[in-house]
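J.: Can you look at this prediction? I've put the sequence above it.
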Amino acid sequence: RMKIGIDLGTTRSAASIVEAGDPTLLMNDRGDRLTPSVVFYDDDGVHVGKKATSKADAGEPIREVKRKMGTDEGAECNGDEYGPVNVSGAIIEQLVDQSETYLDEPVDEVVITVPAYFTADQKRDTRDAAVKAGFNKDDIELLYEPTAAAIAHGFSNDLDDTMLVYDFGGGTLDISVLEVSGDKFSMLATAGDNELGGVDFTEAIVDLLADEYEDEHGVDIRESAEAYEN
């Protein structure tokens, strides 16, 4: 049975396998190892990743859906609303389909990483998204992101340490303390912010520059969507 790991990120996602003890990120149909966590719906179906971003002229794609997991808050696309489970399920399904193409065999099981501070509702929605993507419930595992990082750092290295993992993602931030003893990893404490990540820092920098430009030239570039995006 083929098992893959999926990092279902706020801004980008990836799939991987472990071969002979070494992890390998799988390439998607664009030859990239990272897929934008962006989804667009139209009459032709569901588009994920760069195919979704290329549809920007036809409407605004759905982004950063990970922040909505565990809530009833939907996202609008082309006049229709889609729940976070369905959107995340589309991203997972795309990653799996492309992994199967890359591996030339079916994927039976999946391990999905989630922030350590994810609530029970957020973890439930992540599992439900994997079910939407075609997995049986018994074939889905969740792994805390800081634990995954600690494993990557210390697996088979016979460590006996207390480790702090600082996970600064595109949309979320968490800091966790783990106790590592050999190949046993125990979470001691964690804290995080679901609304603080790289996209927030990018927006803050853009706003700062836009304010300076407005002070100097008297024009607010944020009023022009084209100028603001560029």
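T.: Yes, it's here.

J.: mind checking how far the closest residue to residue 181 other than its chain neighbours is from residue 149?
T.: Once flanking residues are discounted, residue 181 sits nearest to residue 160: 5.4 Å by CB to CB, 6 or more residues apart in numbering. Quick note: C-beta positions are derived from backbone N, CA and C, even for glycine. Counting by CB to CB, to the nearest Å, the gap from residue 160 to residue 149 is 18 Å.

J.: In this protein, what helix or strand scores lowest on average pLDDT?
T.: Ranked by mean pLDDT, DSSP states H and E, the weakest helix or strand in the chain is helix 225-229, scoring a mean of 59.

J.: what helix or strand does residue 143 sit in?
T.: Assigned by DSSP states H and E, residue 143 belongs to strand 140-144.

J.: same for the strand or helix carrying residue 40, what does it pack against?
T.: Following DSSP H and E, one finds residue 40 within strand 38-42. The helices and strands touching strand 38-42, judged by 3 or more CB pairs under 8 Å, 6 or more residues apart in numbering; DSSP states H and E, are strand 45-48, helix 50-53, strand 62-63, strand 75-77, strand 80-82, helix 84-103.

J.: Residue 48 - how many residues pack around it?
T.: Residue 48 has 26 neighbours, counted by other CB atoms under 10 Å.

J.: For the closest residue to it other than its chain neighbours, which residues are in contact?
T.: Spatial nearest neighbour of residue 48, chain neighbours left out: residue 94 (3.9 Å); criterion: CB to CB, 6+ apart. By CB atoms under 8 Å, 6 or more residues apart in numbering, the contact set of residue 94 is 28, 35, 48, 49.

J.: Likewise for residue 95?
T.: Residues counted as contacts of residue 95 (CB under 8 Å, 6+ apart) are 6, 13, 14, 15, 28, 35.

J.: What about those residues, which one has the most neighbours?
T.: Counting neighbours by other CB under 10 Å, residue 15 comes out on top of these with 28 neighbours.

J.: tell me what the one helix or strand that residue maps to is packed against?
T.: Assessed by DSSP H and E, residue 15 sits inside strand 12-19. Packing contacts for strand 12-19, counted by 3+ CB pairs under 8 Å, 6+ apart, involve strand 3-7, strand 22-25, strand 35-36, helix 84-103.

J.: tell me the average confidence for it?
T.: Averaging pLDDT along strand 12-19 gives 92.

J.: Just the C-alphas of that strand, formatted as CSV.
T.: Taking Å, rounded to 0.1, in the frame of the first residue of the first chain, the C-alpha atoms of strand 12-19 are listed here in CSV:
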residue,chain,number,x,y,z
ARG,A,12,1.3,26.5,-0.6
SER,A,13,1.0,22.7,-0.2
ALA,A,14,3.2,19.7,-1.1
ALA,A,15,3.1,15.9,-1.2
SER,A,16,6.0,13.6,-0.3
ILE,A,17,7.0,10.0,0.2
VAL,A,18,9.8,8.3,2.2
GLU,A,19,12.0,6.0,0.2
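
J.: what's that strand in contact with?
T.: By CB under 8 Å, 6+ apart, the residues outside strand 12-19 that reach it are 2-7, 23-26, 33-37, 91, 95-96, 98-99, 103, 170.

J.: Quick one: low-confidence residue ranges for the chain.
T.: Within the chain, the ranges that satisfy pLDDT under 70 run 56-58, 154-156, 224-230.

J.: so how far is residue 2 from residue 71?
T.: 32 Å.
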